[in-house]
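Colleague: fold the stuff below for me.
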Amino acid sequence: MQPCGSWKLLANGLPQISTFAGYGFPVVHGDLVAWWTINGFAYHSFSSNLTETVTFTAPQQPVGLSTNGEIIAFTLATAPGQGRFGYCGQLEYLDTTNEAQGVINTGLNNCAQGPTPSTSISQYTIVFTDNTTGHNGIRYYDYLRNQASAAGQGPLGNFSYLDNPVIWGDRISFFASETALNFDCDGDGHIRSTQTCLQYWNIRAPSYVAPYLAAQAAPSLGGAFSIYDKTIAFRGLNGNLQYVTVPMKGDVNQDGVVDGVDKTIVVGCLGKVLKGTTC
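Modeller: Here you go, the predicted structure:
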């Protein structure tokens with residue numbers, strides 16, 4: 001885009017903003033921007049200056065779109081009220097670099113913990129939520145290998161309010177209630193189901209690295225959050241913007257806490273090359 005340049009119209013005649021709050025807002029990454037339409041979705045490539053559309057038979061509706069600049073992931077929902085709180089549907093995706101193969105149905109359910117089931121994609125991994133096992137579980141799908149994490153084996157808990165996990169690389173950032181963690185994250189002396197704490201899940205953590213953020217290291221949340229590389233930005237309890245890096249500096253074994261264990265590892269490796277927790 002050029003500084004002080006004119007706006008470029010991509011689409012018009014779309015529904016009111018309240019509908020986007022339910023179905024999801026437009027998403028952009030690199031050369032690609034994508035947005036839902038009634039019973040379909042559209043995407044625009046800035047380099048080719050072309051807009052493509054994909055349509056489905058009513059009442060099928062793509063919701064919760066995400067993109068990595070090539071893949072567009074979404075949930076193909078049919079009607080509200082099928083999930084625990086809102087929509088429930090199949091996790092699907094389109095590879096815009098191979099349009100001839102069409103939309104791929106993964107066969108996996110993505111059910112809303114809030115009004116709309118969300119998706120998040122980074123590199124070749126899509127993260128979504130699934131309550132078909134009786135839990136509000138987070139799962140991920142590797143579309144290059146056509147492999148999904150097992151249902152019920154991710155971080156589980158009482159996910160309150162809107163649960164929209166987001167992924168960057170190998171780390172999924174999400175939130176859990178104090179009740180689920182059994183820890184008072186905000187330090188008010190009460191463990192509440194209505195108070196949420198920031199969490200992350202390293203889905204490919206080596207054996208010497210803790211896959212989850214320890215409860216005692218989890219910041220208390222007051223709203224939305226986002227992850228990019230090793231930085232998680234989030235809204236604090238007082239409405240202020242905060243961030244945390246994962247792992248924290250000095251946290252050698254990445255268990256979320258800088259403690260004596262980290263010190264022992266470092267002292268034992270003085271003068272040597274440290275690879276994870278191994279000298």
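
Colleague: doesn't R192 lie inside a helix?
Modeller: No: with DSSP: H, G, I helix; E, B strand; the rest coil as the criterion, R192 is assigned coil and is not in a helix.

Colleague: give the contact list for it.
Modeller: By C-beta atoms under 8 Å, 6 or more residues apart in numbering, R192 lies in contact with S177, E178, T179. Quick note: C-beta positions are derived from backbone N, CA and C, even for glycine.

Colleague: so what sits opposite the first one in the bridge?
Modeller: Judged by DSSP bridges, the bridge partners of S177 are T196.

Colleague: now do I232
Modeller: Bridge pairing for I232 - DSSP bridges - gives I227, V244.

Colleague: if I look at it, how far off is T245?
Modeller: Going from I232 to T245 by C-beta to C-beta, to the nearest Å gives 8 Å.

Colleague: do A73 as well
Modeller: Where T245 is concerned, A73 sits at a distance of 26 Å (C-beta to C-beta).

Colleague: so which of the two has more stuff around it?
Modeller: When A73 and T245 are compared for neighbours, A73 comes out ahead with 29 against 11, by other C-beta atoms under 10 Å.

Colleague: tell me which element that one falls in.
Modeller: Secondary structure from DSSP states H and E places A73 in strand 71-77.

Colleague: now what about that strand, what contacts it?
Modeller: The contact list for strand 71-77 (C-beta under 8 Å, 6+ apart) reads 32, 34, 36, 41, 43, 56, 60-67, 87-96, 105, 110, 116-117, 119-121, 124, 126, 128, 143.

Colleague: in its sheet, what does it sit against?
Modeller: Strand 71-77 is paired, per DSSP bridges, with strand 61-67 (antiparallel), strand 88-95 (antiparallel).

Colleague: wait, which of those strands is closest to I17?
Modeller: Nearest to I17, of all these, is strand 61-67, at 15.5 Å by C-beta to C-beta.

Colleague: how about the closest one: buried residues?
Modeller: Judged by neighbour count using 16 or more other C-beta atoms under 10 Å, the buried positions of strand 61-67 are Q61, P62, V63, G64, L65, S66, T67.

Colleague: out of those, which is nearest to R204?
Modeller: Using C-beta to C-beta, S66 is the member of those that sits closest to R204, with 19.8 Å.

Colleague: do you know the pLDDT at the closest one?
Modeller: pLDDT recorded at S66 is 96.

Colleague: what's the weakest-modelled helix or strand in this protein?
Modeller: When the helices and strands of the chain are compared on mean pLDDT, DSSP states H and E, helix 17-23 comes out lowest with a mean of 81.

Colleague: in that helix, what's buried?
Modeller: Of the residues in helix 17-23, those buried (16+ other C-beta under 10 Å) are Y23.

Colleague: how about stretch 177-197?
Modeller: Buried residues in stretch 177-197, defined by neighbour count with 16+ other C-beta under 10 Å: S177, E178, T179, A180, L181, D184, C185, D186, I191, Q195, T196, C197.

Colleague: who touches the fifth one in this structure?
Modeller: Pointing back at L181 there. Contact partners of L181, counting by C-beta under 8 Å, 6+ apart, are G157, C197, Q199, A215, A218.

Colleague: and the spatially most central residue of the chain, what are its bridge partners?
Modeller: Of all residues in the chain, the one closest to the mean position by C-alpha atoms, centre = their mean is V166, 1.6 Å from it. Following DSSP bridges, V166 is listed with bridge partners S173.

Colleague: please name the residues that touch it.
Modeller: Counting by C-beta under 8 Å, 6+ apart, V166 touches S120, V127, I172, S173, F174, F225, S226, I227.
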